[in-house]
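Colleague: attaching a predicted model along with its sequence, questions to come.
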There are 2 protein chains.
Amino acid sequence: MKNTIFILKEGTPKYKQIYEQFKSFIERGDILPDNPLPSIRQLADSLQVSRNTTLMAYEQLVAEGYIRGEGRKGYFVNELEPVLFQNTVIPPHKKHKETVTPVQIDFRAGSVDQTNFPLEIWRRISNKVLTLRESFRYGEPFGEVCLREQIAAYLFQSRGVKTEPDAIIIGSSTQQMLIHLGQILKDEFTGIIIEDPGYDGAMEAFRFHRFTIETLPVYETGANFSKLEKLRSRLIYVTPSHQSPLGVSMSIQQRQLLIHWAKNKNGFIIEDDYDSEFRYTQQPFPALASIDSTRVIYLGNFSKSFLPGIRLSYMVLPQLVLNRYKNQFLHFESTSSLLSQLTMAKFMEEGEWNRHIKRMRLVYKRKMQCLVSELKEHFKQSTSIIGEQSGLYVLVKVHLNRSEEWLIERASIYGVKVYPTSIYFIKNHPGEAIIKLGFSNLTCDEIQRGVKLLKEAWGC
Amino acid sequence: MKNTIFILKEGTPKYKQIYEQFKSFIERGDILPDNPLPSIRQLADSLQVSRNTTLMAYEQLVAEGYIRGEGRKGYFVNELEPVLFQNTVIPPHKKHKETVTPVQIDFRAGSVDQTNFPLEIWRRISNKVLTLRESFRYGEPFGEVCLREQIAAYLFQSRGVKTEPDAIIIGSSTQQMLIHLGQILKDEFTGIIIEDPGYDGAMEAFRFHRFTIETLPVYETGANFSKLEKLRSRLIYVTPSHQSPLGVSMSIQQRQLLIHWAKNKNGFIIEDDYDSEFRYTQQPFPALASIDSTRVIYLGNFSKSFLPGIRLSYMVLPQLVLNRYKNQFLHFESTSSLLSQLTMAKFMEEGEWNRHIKRMRLVYKRKMQCLVSELKEHFKQSTSIIGEQSGLYVLVKVHLNRSEEWLIERASIYGVKVYPTSIYFIKNHPGEAIIKLGFSNLTCDEIQRGVKLLKEAWGC
DNA sequence: GGGTATTTGTCCGTATGTATG
DNA sequence: TCATACATACGGACAAATACC
C-alpha cells in the first residue's frame, strides 16, 4: 500500500477528501496496523496536489489517532483498539511442515545443467545487446531475421535441413507453435495422429483445436507403422530422432515410409526434433525435414539444451504451410522476446552455441553413463533401462510389481524425486510401471546417491 | 568539472537558476557528452543549497533530454543532436544507396525513449537473476508468482485495482492474451463490441476466433454510448483511460453506465489500460476494474512504458473467467520468458519501476508539450490536435483537403516519417485525414525539426 | 581478493512564503 | 483574518555503487 488512487471531487476541500478516504480505508481494514500510508510526496504526486495538502490530511488523521508519523520514515496506521491478542505472532510454524521430507535428489527431466552454463558469455552478449538501438523497437512478427539466419545455418550443418531463413518462424515454445499450427491446419485437417505414448503437451495443443486424435502405438523397439494405413488422418505428429518418451530413434526405412505416406495422402508430418542435440552413440540421423521439405514441418527449440526459461523455439515450414501461416499471423505480434532473440543470434554468430552444444553433449554423455551404470549395478535384473542412447533422461521399467504411484511415493520418502510416465500413455499402457529419470541438472555424485536411495526406497 | 561555483541571485528560484546554468553549460559544450555533472551533494554543498534543490534542477534537465541519470553513479550529459554533423561528412559507402530519402525524423508511436532507459539497473538485476538457481527451471504456466505479486501491488497503488496475485495471468502481449481470452469466451459469446476507431490488433485477435464484430463509434469527444443498447453482443473491448487512438478518456458517468450494462447483460468488459501511466494534465481516473471486479477483465503491459521487445503483459481476470481460463490453459506452457519475468519482478520490488515511470512521465510530458506547441505555432489554423492530454502520441487532423496517403508520402520526401490512422477506422471514417505522430523516441530538438519539415512538406 | 569506508542518488517529513478566494 | 492550496527550499536517513585498504 504505497499509494492509492481515487478521484477528487470539486466543491469539498481536497485535504478533507483525502482525509476521509484514508479514514475509511483504515476503518475498513484496507490498510492494516503498522503498515505505512503512501508517502506524502507519492500521494501528492499521484493525486496531483501539493504536498502540503496531503500533509494537512495526514495531520488530521494523526490528530484523531488513526495514524502516527514516525519521524522521517513515514506515516503508519495505528491499532484501532488495543486488541492485543491479534499480534501474538507465531511465524515460524509453517517451515516445520515443509521440511519433513526434503528433496535431496531431483531426477527432473527438462531442467538444465547449471554449472556448465556459459553464464559469463551470455551475460556479456546480452549486456551488449542491451546497448544497441535495435533492442528498443518492436520485434518482427515471425522472429528476427538475424536469428533465423543463424538457425538456418545451424540446421543445415547439424541436421541436414536445407532451408531459407524466410521459412523459419520463431515462437516461444513448441506447444505455442503447435497451437498456431493447429489453427492454420484445422480447416483442411480434422484429425491428427500422435504417438502413444507421446508428448502430452502436443496432445493438449491439438485437443485445444478439437482435432480428432488417433494414436500410433510406439514400443521400445519403435512405432508400429503398419497401423498407419488404417488411420484416417493425414496429419501426424512425431518425434523421430528421439521418441518422446521412449527414446527410440526412427529407422531410415521408417522415415522414408512416413514421407511416402504423407506425399500420397497430401498430408503433413510435424517433426518435433526436441532434443536431437544429444545423441551419444552413433551419428544422429538426419532429420525428416532433410529428406523432404514439402511435407515436413520441422520443430526445434532452445529450451532443452540451453535455458528452459528463455522461451525460444522455432519451426521450418514447407512453402504451402508457410504462406498460410504468414497470411493468418501477419497481423499478430511475436510472442518471444526481442532481446532474447537478438542475444541468441549473437551467441550463435560467435560460435558459442556450437561450442556449448559440443561441451554439453560430453557432459550429458558422462552423466548418462553414470546413471546407466549405477542403475545396472544396483538394480541388476529388477529394472530394465529404456532409451539410454540419447536425450536427457532415461526410462526405467521396474519389475517389482509395484504401481508407479507407489514407486514415486516411496522414493519421495527417501528424498528422491522421480517422475511418472503414465501421463504420456493414451491407450497403449505398459504392463509394468515405468519411471522417468532426468539427469541434466544432477552431478554424477548426486546421481549415485540418488540411485542408492532409490534402491533402498524400493527395497531391491 | 568538479567545482563549478556560480552565484545565485535572489528573485528567481534557486533550482531554476541551477537548471539554466547547466543548460547553457551543456549547450555551449562546457561539459561534453558522457561527462558527469557534479554530484548532487557536491553541488548542493558548494552552492550552499539543499540537495533537493539541486535534484529538482537535474530532474528538469533529464526531462528535457540534456542529461541522464545512471542509477547511483551520477548524472551524465547526453549526446546533443548531431545537427552539426549532418551537412559535413558523407560517411561510408553503403549509406549512399539507402539514403536516397533518408528518414531523419521518425514519428513512430510505440517506440520508447532510449536515453532514459535505466540500462545499468536492468543489467545489474538481470545479471543477478542469471546466477539464481531459479532461472534454470521451467516457468509457471500462468506467470511467476513473484511478478504477479508485484503487479498486484502496483495495480492497487497506481490504478486502484484490488486483486489477488492469483487472479493475474502473465502473457507475452496484449494481443496474445486477447487470443487466449477469445478462446475461453467464444463458447458463451459469439460477438464482441469494439471501438471504432480502435486498436487494430484487438480486432485481429477477435476476428481470429470468428467473433461477430459490432462497433461502437468513438469521436474526439468520446464514445457514443447511446448506441450500446442497440447492439446484440454482451462483450466489449474498450480503452477507457486513453482511447486508442483518439485519446479521449471515458468519464465517470460513462464508466458506471458501462459497468451497469455489463452487469445487466451478464457480459464482460475487456479494459485495455495500455498506456495509463502517461497522463499529463489531470490526475488519472481509476481503472474500470477498480469500480467492479466481477465483470471487468483488465489488461496491462510493460511494452509501452518500458521495452516493447520484452514481451511482458498481464491481465486480471474476474473469478468466473479465471476458473475457465485456468482449466483451459493449465496444461500449456507460459509464452513469456522466465528470465524477463524474474528480472521485472526484482526491478519492481526494488522500486525501480515506480521510479522509472515517474521519470518517464516527466520526460514524455516535456516532449508532448514541445510537440504540441510546435504544431500550434507552425500550423496555426491548418491542423487541430487530438489527444494531447496523455499518451505517447498525438493525432493531427489536417485541414488541407489532402489525403492521408499524400500527407505521408510528402512527409517522407522531406525525410519525416509519419503514420496513418485510417487503419484504425472501421465504418466511422472521419471527413479529413488524420495523421499519427508518436514522439517517445525523439528529442525536443528532433521534434522541432520534424514539425518544421512537415510544414514545408505539406506547404502550409 | 574480500571486507570496509565513502560517495552517490534517492527517499522521507517538514518549514516557509505566497496567492487566492 | 481565515481557509485552502501551492511553490520553493531544507536537512536527515538509507541503500546501492564505488573506492580504498
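Modeller: All right, it came through fine. Note that this is a predicted model, so its numbers are computed, not measured. Numbering: from 1, shown residues only, chains lettered A, B, ... in the order given.
Colleague: mind listing what's buried along stretch A:290-302?
Modeller: Buried residues in stretch A:290-302, defined by neighbour count with 16 or more other C-beta atoms under 10 Å in any protein chain shown: A:290-293, A:295-302. Every C-beta, even on glycine, is put in place using the N, C-alpha and C of the backbone.
Colleague: then stretch A:7-17?
Modeller: A:8, A:14-15, A:17.
Colleague: the closest residue to residue A:144 other than its chain neighbours: neighbour count?
Modeller: Leaving out its chain neighbours, the residue that sits closest to residue A:144 by C-beta to C-beta, 6 or more residues apart in numbering or on different chains is residue A:341, at 4.5 Å. Number of residues near residue A:341 (other C-beta atoms under 10 Å in any protein chain shown) recorded here: 27.
Colleague: alpha carbons only: can I get stretch A:45-53 in PDB?
Modeller: The C-alpha coordinates for stretch A:45-53 follow below in PDB (Å, rounded to 0.1, in the frame of the first residue of the first chain):
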ATOM      1  CA  ASP A  45       2.200  13.200  -7.000                       C
ATOM      2  CA  SER A  46      -0.400  10.700  -7.900                       C
ATOM      3  CA  LEU A  47      -3.300  12.900  -6.800                       C
ATOM      4  CA  GLN A  48      -1.700  15.900  -8.500                       C
ATOM      5  CA  VAL A  49      -2.000  18.100  -5.400                       C
ATOM      6  CA  SER A  50       0.500  20.000  -3.400                       C
ATOM      7  CA  ARG A  51       2.400  18.100  -0.700                       C
ATOM      8  CA  ASN A  52       1.100  20.400   1.900                       C
ATOM      9  CA  THR A  53      -2.400  19.400   1.000                       C
END
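Colleague: in chain A, what residue lies closest to DNA strand C?
Modeller: For chain A, the residue closest to DNA strand C is residue A:39, as judged by C-beta to the nearest atom of the strand, at 3.0 Å.
Colleague: doesn't residue A:73 make contact with that residue?
Modeller: No - contact criterion C-beta atoms under 8 Å: residue A:39 and residue A:73 do not qualify, at 9.4 Å.
Colleague: quick one: the strands in the stretch 251-400 of chain A, in order.
Modeller: Along the stretch 251-400 of chain A, counting by DSSP state E, counting those that start in this stretch, strands occupy A:268-272, A:296-301, A:313-316, A:383-386, A:393-398.
Colleague: show me what the last one is packed against.
Modeller: Packed against strand A:393-398, as judged by 3 or more C-beta pairs under 8 Å, 6 or more residues apart in numbering or on different chains; DSSP states H and E, are the following elements: helix A:352-379, strand A:383-386, strand A:434-438.
Colleague: out of those, deepest packed?
Modeller: strand A:434-438 (a mean of 23; mean count of other C-beta atoms under 10 Å in any protein chain shown).
Colleague: show me what from the stretch 101-250 of chain A comes close to chain B.
Modeller: A:110-112, A:114, A:117, A:119, A:122-123, A:126-127, A:130-131, A:133, A:135-139, A:172-173, A:175-176, A:179, A:183, A:200-201, A:204-205, A:208 (C-beta under 8 Å from any C-beta of the partner chain).
Colleague: I'd like the buried residues of stretch A:290-302 as a markdown table, with distance to residue A:23 appended.
Modeller: As requested, the buried residues of stretch A:290-302 are exported to a markdown table (distance: C-beta to C-beta, whole Å):
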| residue | distance to residue A:23 |
| --- | --- |
| A:290 | 72 |
| A:291 | 75 |
| A:292 | 74 |
| A:293 | 71 |
| A:295 | 71 |
| A:296 | 68 |
| A:297 | 63 |
| A:298 | 64 |
| A:299 | 59 |
| A:300 | 60 |
| A:301 | 55 |
| A:302 | 55 |
